[in-house]
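> Predicted structure and sequence below. I'll ask about it afterward.
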Amino acid sequence: MKGRPETVRAVEVSDLTKLFGDFRAVDHISFAVERGEILGFLGPNGAGKTITIKMILGLLKPSGGRISILGLDARKSREDIKKETGYMSQQFSLYPLLTVRENVEFFGGISGLGRAEIRGRQEALAGQLPDGLLRLPVRNLPPGLRQKVALFVSLLADPELVFLDEPTSGVDPEARRAFWHTIYGLRERGKTILVTTHNLDEAEYADRILVIHQGRIVLEGDPRSLLETRKADSVEQLFREAIRSHATT
Amino acid sequence: MRRLRAVMAKEFFHLLRDPRSLSVVFIMPLVQIFIFGYAISFDLENIPMAVIDLDHSEPSARLIRDFERSTVFALKPLSGARREGNFEAADRALRAGRVKQVLVIPAGFAGQIRQGRTAEVGLIIDGSDSNVANRIYQYDQMIIQRFAAGLKGLEDFFQVKTKVYFNPESRSVFFFVPGLVAVILLMISAMLTASSIARERELGSVELLFISPLRSGEIILGKTLPYVLVALATGSFILFFSHFWFGVPLRGSLLVLLLFALLFVLTGLSFGVLISTLAPSQRVAMLGSVLATLLPSIMLSGFIFPLDSLSAPLRALSEIIPATHFLRIIRGVAIKGADLRHFLKEGASLAGLSLIALSLAVLRFTRLRRARR
Amino acid sequence: MRLLYLVKKEILEIVRQRELLVLLFLAPLIQIIILGYVITTDIKNVPVEVVNLSNSRAASEITARLRASPLFRVVKLSEKPEKAEDVLRRGEVRALIEFRDSPGRGRWAWTLPEVYILMDGIDANSSQIAAGYVNGIIKDYLQEKLRRAGLPMPVEAKTLIRYNPRLRSINTMGPGIVALLLTILSVFTTAFSFVREREQHTMDTLLMSRLRPMEIFVGKAMPAVLIGLLDMVLGIGVVILWFHIPLRGSVLYLFLASLLYLAAILSYALIISTVVVNQSQAMFFSWFSLVLFLLLSGFLTPLESIWARAPALAVLTEINPLRYLIKIIREIFLKGNGPAFFWRDLLALGGIAVVLTSLSLLNFRRFISK
């Protein structure tokens, strides 16, 4: 897939809908994610962010619409797509009772890495963490380190697309800055990153933002130019205005 | 008071969130009662047996007919007798479980009777189910005794007359319903409580409870009261249903019964809270409460297995199981209609155990809370 | 194989929880031992009251035998009439045995009293067996008297008990207890593990990985099967060594039957876990399934009786995997039967296992691709 033409978009979503009974959780949204960009997915809780991500990842079946990932139909080519996607779920999804080393072994193994590769990864992680941390059970790690490990684990198969669902919740600002530093590093390596957050000040870190409210996209674009054109002081203000105008329509 | 109600309300909504939960809680015990009422009985019926009659006389035919006429046994032909011979066929049938006993009437049976000697018959019983084998043996003895007495014209020579009180049709459901009620009460109060609190611990939301201004007792009360109500409602429902459908008697004061049920539920709750403070995860809490409260209450309470036959140490163990006393009270007061005065000891034991369990639970909970601070 | 990583992770998670280990291995063994002593359905020590209103020697002699018998515990001996109903209500005795003088029977040299057994019908089982014992004691007494008077009983039965000559109930119940405990463990732990996983969002990660649904299914089920087999081995070991239950048949078929049974029961638990919404429901479903399996398995009451009383319900016994396991276990342990005798049961067990496993796999697929 690395030899793909540059014109293919990382993610293309058209007319995506998800219904739960009569309730429209996601209502005919369309958007695209370019390769090599960092997209910030914003919105209040319950707006439909996580559901959209889950549909893109194939964890939920859409009620309508089309999704294509790296040019492939999401429904038909799931196995191929899986090879190129990494996912860090909202609650870090590491196994608390297992050690860091064992978590890496597990996730590496189920991603299809060989034993030598896994060992290599374990050593790489050991280099990035304070000494001796590899043998600690994950539940004994502070949230900042846990998040670091969770990110590492989601990248084990070196996927091109990385989906991070609320990766910085419960993490102190220092660790948060370090985290975004890592994300930029990923972008340098040519990865595409989709981040959901309800932390609006993090929006400025992203290349582009997408704001979802009640299942619809209410704002889209480069945060800096949006701030200029709309004469807003902060993303939060942009956000509130967008929601207000959406609610009234 | 309002804060207490808030805790209760949240617990209630969690419980009622799914109508499926409630229907499960009510319908499943009903299904059980049906099975107990219709399918389970202590009387044996339709037990297959085979006969090898080597005498072919009038008395032997009469003996066989006596066995046939009893509802306990069902005579089956011995297949393959001609091919293998009688005894091989009988052995095969016993081993395969097609018959549970074989009656052998030897040649000369009628002759011996005529000569006034003791005629012997043989009975081969499959002992692999010892309980059934025991009962079969007793029924055999009864049938043969009656046959023998008949021969000498001594039918009412020595009849033991029996009279059954409280349960004239000997319906097993009368015996089991109290136990079922106790089990339901226990399940709801102990297991649900344990899992609910353990769940909060797992999710971490128990911290919120810990730092709230409520006292430990209030927290426990608030979280468990909805279960108490559900437990009592279900228990009463089962009792009434068995009364109206199966005719299980319901005597004595219902209010008193409710009081004891409440005490019993309280013990269950306390155990549930205790287990939840000890268990690190919901899974462990569940398993723990099953093994620590449910199983002993079923085994050692007199629910199914009689306590009289237990050895002294086990009988002592059964006395500290709340269900034991609760069952005695229900059976005595509710079904037999005895006077409460005779069950004060049980009532006091129940109350005592309840108090001890409750204090232990509150103590553990408070200590846990203090440790977190 | 990727699958093995999942199995290893599952095992690690279990092993890291010490309490869980205790509950999965130690507690069941203790329970088996306790149960073994409790489930002696040999009724003995039945508390009774003897009311002797007769002047006959027979009455006092029979009373003496009652008191001497380990089957009874004569709580009270009275020579005044008692109101049976009140006495029975108090619950201290299961039955009253009353001797009354009968209107003269001219035939015999000694007068025989009339014997009344007034039973508590609530504990019908104990009372009836007690009545049977009384009958037995009286019959023995009579036979002795008759023999001494030169009037032997015309017919006597010589009874031969096969496979369990001393009628030890532990022989009957022991292996069944292991099966029972195994069932309880399997159903409860499995029914919860999937629900828990769902509630913990980690299922998403598994689904996102390269693992196929089938692999996830097997990977999660495998540790449960291993635990089950281990418990089975330990349990049977305990039951044989502690209680001296004979094992006369093939251990191989015992394992085969256990394996099939585990597959069936675990699949059943998995189906429950995907059908229910939360853990409380899982618990209730598990519990009631257990009771149903148990009651309709032939473990407590013989299947023939159930057929006679409620054929509609008895049909359920045909699809109850526990029923087949109990039958096979009893035959292997006590009768030493080979597959020639129980191949049909084995086949039925296998069939049920296949059906349930497929159902749970299908269900699992449906459940994860919502």
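Nice, I can see it.
> residues touching residue C:162, list them.
Listed by CB atoms under 8 Å, 6 or more residues apart in numbering or on different chains, the contact set of residue C:162 reads B:94, B:124, B:125, B:126, B:127. Using the backbone N, CA and C atoms, a C-beta is placed for each residue, glycine as well.
> Shouldn't the second one be within a strand?
In other words, residue B:124. Yes. Counting by DSSP: H, G, I helix; E, B strand; the rest coil, residue B:124 is part of a strand.
> mind checking how far it is from residue C:156?
From residue B:124 over to residue C:156 the distance is 15 Å, taken as CB to CB, to the nearest Å.
> now do the last one
Plainly put, residue B:127 is 20 Å away from residue C:156 if you go by CB to CB.
> Neighbour count for the two, which is higher?
residue B:127 (27 against 15; other CB atoms under 10 Å in any protein chain shown).
> correct me, but the more buried one touches residue C:161?
Yes. Under the criterion of CB atoms under 8 Å, residue B:127 makes contact with residue C:161 at 4.1 Å.
> who touches both of these two?
Common contact partners of residue B:127 and residue C:161 (CB under 8 Å, 6+ apart): B:133, C:167.
> got the contact list for the residue in chain A that chain C sits nearest to?
Going by CB to the nearest CB, chain C is nearest to residue A:109 of chain A, at 3.3 Å. Counting by CB under 8 Å, 6+ apart, residue A:109 makes contact with A:118, C:2, C:4, C:5.
> Apply 10 Å and report the result again.
Residue A:109 makes contacts with A:115, A:117-118, A:156, C:1-6, C:8-9, C:209-211, as judged by CB atoms under 10 Å, 6 or more residues apart in numbering or on different chains.
> And residue C:245, by the same measure?
Each residue near residue C:245 by CB under 10 Å, 6+ apart is listed here: C:36, C:164, C:168, C:170-175, C:236, C:238-239, C:333-334.
> Between the residues you listed, which sits nearest residue C:326?
For those, the closest approach to residue C:326 (CB to CB) belongs to residue C:175, at 8.2 Å.
> so how far is chain B from that closest one?
For residue C:175, the distance to chain B equals 11 Å [CB to the nearest CB, to the nearest Å].
> Next, give phi and psi for that residue.
In terms of degrees, to the nearest 10, the main-chain angles of residue C:175 are phi -60, psi -30.
> near chain C, anything from stretch A:44-54?
Yes. Interface with chain C: stretch A:44-54 contributes residue A:54 (CB under 10 Å from any CB of the partner chain).
> quick check, residue A:16 in a strand?
Yes. Assigned with three-state DSSP, residue A:16 falls within a strand.
> Surely it and residue A:31 touch.
Yes. Applying CB atoms under 10 Å, one finds residue A:16 in contact with residue A:31, separated by 8.7 Å.
> Buried among the contacts of residue C:162? Need that as a selection in PyMOL.
To isolate in PyMOL the members of the contacts of residue C:162 that are buried, counting by 16 or more other CB atoms under 10 Å in any protein chain shown, one can use:
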select buried, chain B and resi 94+124+125+126+127
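> which among the contacts of residue C:162 gets closest to residue C:140?
residue B:125 (19.1 Å).
> Tell me, what's the model's pLDDT at that closest one?
Residue B:125 carries a pLDDT value of 95.
> any idea how far the residue lying closest to it once chain neighbours are set aside lies from residue C:163?
In space, and not counting its chain neighbours, residue B:125 is closest to residue B:101: 4.5 Å by CB to CB, 6 or more residues apart in numbering or on different chains. Using CB to CB, residue B:101 is found at 12 Å from residue C:163.
> These two: which is more packed in?
residue B:101 (28 against 24).
> Show me where chain C has its strands.
C:46-52, C:72-78, C:95-100, C:114-120, C:155-162 (DSSP state E).
> what about the second one, average pLDDT?
This predicted structure assigns strand C:72-78 an average pLDDT of 88.
> least trustworthy helix or strand in chain A by mean pLDDT?
Across the helices and strands of chain A, the lowest-confidence element by mean pLDDT, DSSP states H and E is helix A:235-248, at a mean of 76.
> So which bits of the lengthiest helix in chain A are buried?
If you go by DSSP state H, chain A has its longest helix at helix A:173-188. The neighbour-count check on helix A:173-188 (16+ other CB under 10 Å) flags A:175, A:176, A:179, A:180, A:183, A:186 as buried.
> list the contacts for the first one?
Okay, so that is residue A:175. A:142, A:143, A:144, A:145, A:146, A:147, A:148, A:168.
> Emit the ChimeraX select command for whichever of the residues you listed are buried.
In ChimeraX syntax, the buried subset of these is picked out as below (16+ other CB under 10 Å):
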select /A:144,145,146,147,148,168
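> my read: residue C:126 touches residue B:309, true?
Yes. Using CB under 10 Å, residue C:126 is in contact with residue B:309, at 8.7 Å.
> Now do the residue nearest to residue B:125 against residue C:12, distance only.
54 Å.
> and what of residue A:153?
16 Å.
> Pick out whichever of the two has more residues nearby.
Under the criterion of other CB under 10 Å, the comparison of residue A:153 against residue C:12 puts residue A:153 first, with 25 against 18.
> mean confidence score for the strand or helix carrying residue A:52?
For residue A:52, the element it lies in under DSSP states H and E is helix A:49-57. On average, the pLDDT along helix A:49-57 is 85.
> So what's the residue count around the residue nearest to residue A:97 when sequence neighbours are not counted?
Nearest residue to residue A:97, sequence neighbours excluded (CB to CB, 6+ apart): residue C:16, at 4.2 Å. Counted with other CB under 10 Å, the neighbours of residue C:16 add up to 17.
> and if you look at residue C:168?
18.
> I'd guessed it sits against residue C:174; true?
Yes. Counting by CB under 10 Å, residue C:174 is a contact partner of residue C:168 at 8.9 Å.
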